[in-house]
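Enquirer: Dropping a prediction and its sequence here:
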Amino acid sequence: MRQKTVLVLVRTAVLAALALAFQSLGLHQYITGPVINAILYVAALFISPWSGVAVGIITPWTAFLVGIMKFAPVIPVIIAGNVSLALVSGYVGRYQKHLGLGLAAVVKFLVMTAGIRYLIMTGTKVPAPVYAAMTLTQLFTALIGAVVALAVLEGLRAFDARKRHDST
């Protein structure tokens, strides 16, 4: 396997492990949500959009398996939201980082709201707290996560620049 491929896999695994570890703390959604979203943004922009997709698929399943998310019908909705966030931020963010992060938050909110409404239209009884957690709350946690991600990405950029400078 090429060295770059191994580096991508290792970095993705580290961010997935970090996300899973943070989820397991059982903190409130207003804390966990921004952190997980920040990790998705960092994975998508620092590694690759597909790295963000991988982390975005793993986290909802793990949340369900360990009992954090107890309402299984929303797992595909969360995955769709996470994947949209990773792809939009990863691809748009290559050209304009702030636009990519902001647009990704809005797209995630729209995708998840549409997903929840689809579940309701097809007869799934979505509890009110789940509906609230999967709609407007997602916009806020994604926007806060974007701010956190910007700080982390700036730190990673500075670290990378220093590392390159020191190795010359």
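Expert: Nice, thanks for sending it over.

Enquirer: Looks like residue 45 contacts residue 91 (just checking).
Expert: No - taking CB atoms under 8 Å as the definition, residue 45 is not a contact partner of residue 91, at 9.9 Å. Any C-beta I mention is one placed from the backbone N, CA and C, and that applies to glycine too.

Enquirer: Give me the common contacts of those two.
Expert: By CB atoms under 8 Å, 6 or more residues apart in numbering, residue 45 and residue 91 have these common neighbours: residue 100.

Enquirer: The two - which one has more neighbours?
Expert: residue 45 (26 against 15; other CB atoms under 10 Å).

Enquirer: And for the more buried one, nearest residue in space, chain neighbours not counted?
Expert: Closest residue to residue 45 apart from its sequence neighbours, by CB to CB, 6 or more residues apart in numbering: residue 93 at 5.0 Å.

Enquirer: could you measure that neighbour against residue 142, distance?
Expert: 13 Å (CB to CB, to the nearest Å).

Enquirer: Looking only at neighbour counts, state which of those two leads.
Expert: residue 142 (30 against 23).

Enquirer: ok, now how distant is the residue nearest to residue 45 from residue 144?
Expert: 17 Å.

Enquirer: got any residues that touch both of residue 93 and residue 142?
Expert: Common contact partners of residue 93 and residue 142 (CB under 8 Å, 6+ apart): residue 104.

Enquirer: in this protein, which ranges drop under the pLDDT threshold?
Expert: 1, 162-165, 167-168 (pLDDT under 70).

Enquirer: show me where it has strands.
Expert: Applying DSSP state E to the chain gives no strands.
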